[in-house]
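In: only geometry, no sequence info:
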């Protein structure tokens with residue numbers, strides 16, 4: 001990276017950084033045989049920061065059970081994304097007294 005866009009203290013500082021983007025090491029949550037989640041922190045060339053999350057969950061062999069799992073997973077992901085988006089919103093400033 002160049003001096004205009006220096007590495008952050010959390011940046012992986014290797015091949016993951018490119019085109020002005022910084023990427024952290026992967027944070028992995030692994031439940032062998034059942035599920036795996038990978039989180040990466042990203043700062044774009046424009047300076048905006050994001051969390052990139054990949055999730056893999058083993059589905060039940062039956063179609064109905066697998067669909068139920070997917071509905072539950074989608075609801076949980078939606079709730080997590082909504083909670084994170086609300087937390088990232090700037091708070092309104094209070095008027096000076």
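Out: That came through fine. The shown structure was predicted, so the numbers you read here are calculated from the model rather than taken from an experiment.
In: From residue 87, how far out is residue 66?
Out: 32 Å (CB to CB, to the nearest Å). For the C-beta atoms, the positions are set from N, CA and C on the backbone; glycine is no exception.
In: Give me the more crowded residue out of those two.
Out: A direct count of neighbours by other CB atoms under 10 Å for residue 66 and residue 87 places residue 66 higher, at 14 against 7.
In: all strands in this protein, in order from the N-terminus.
Out: 22-23, 27-31, 35-43, 49-57 (DSSP state E).
In: list the buried ones in the third one?
Out: Spelled out, that is strand 35-43. 40-43 (16 or more other CB atoms under 10 Å).
In: how about the helices in this protein?
Out: Ranges of helices in the chain, per DSSP state H, are 63-88.
In: re the thing from before, pick out the most distant pair among the buried residues of strand 35-43.
Out: Greatest spatial distance among those (CB to CB): 40 and 43, at 10.8 Å.
In: Outline the domain layout of this structure.
Out: The record's domain parsing of the chain by automatic domain parsing lists 1-58, 59-97.
In: Can you tell me which of those is most buried?
Out: domain 1-58 (a mean of 12; mean count of other CB atoms under 10 Å).
In: Could you point out which residue ranges in this structure have low pLDDT?
Out: 1-6, 12-16, 91-93, 95-97 (pLDDT under 70).
In: show me what contacts the closest residue to residue 73 other than its chain neighbours?
Out: Excluding the flanking residues, the one nearest residue 73 by CB to CB, 6 or more residues apart in numbering is residue 57, at 6.1 Å. By CB atoms under 8 Å, 6 or more residues apart in numbering, residue 57 lies in contact with 34-35, 69, 73.
In: if we go to 10 Å?
Out: 31, 34-37, 66, 69-70, 72-73 (CB atoms under 10 Å, 6 or more residues apart in numbering).
In: what's the farthest-apart pair in these?
Out: 37 and 66 (18.7 Å).
In: isn't residue 17 right up against residue 7?
Out: Yes - counting by CB atoms under 10 Å, residue 17 does reach residue 7; the two are 7.1 Å apart.
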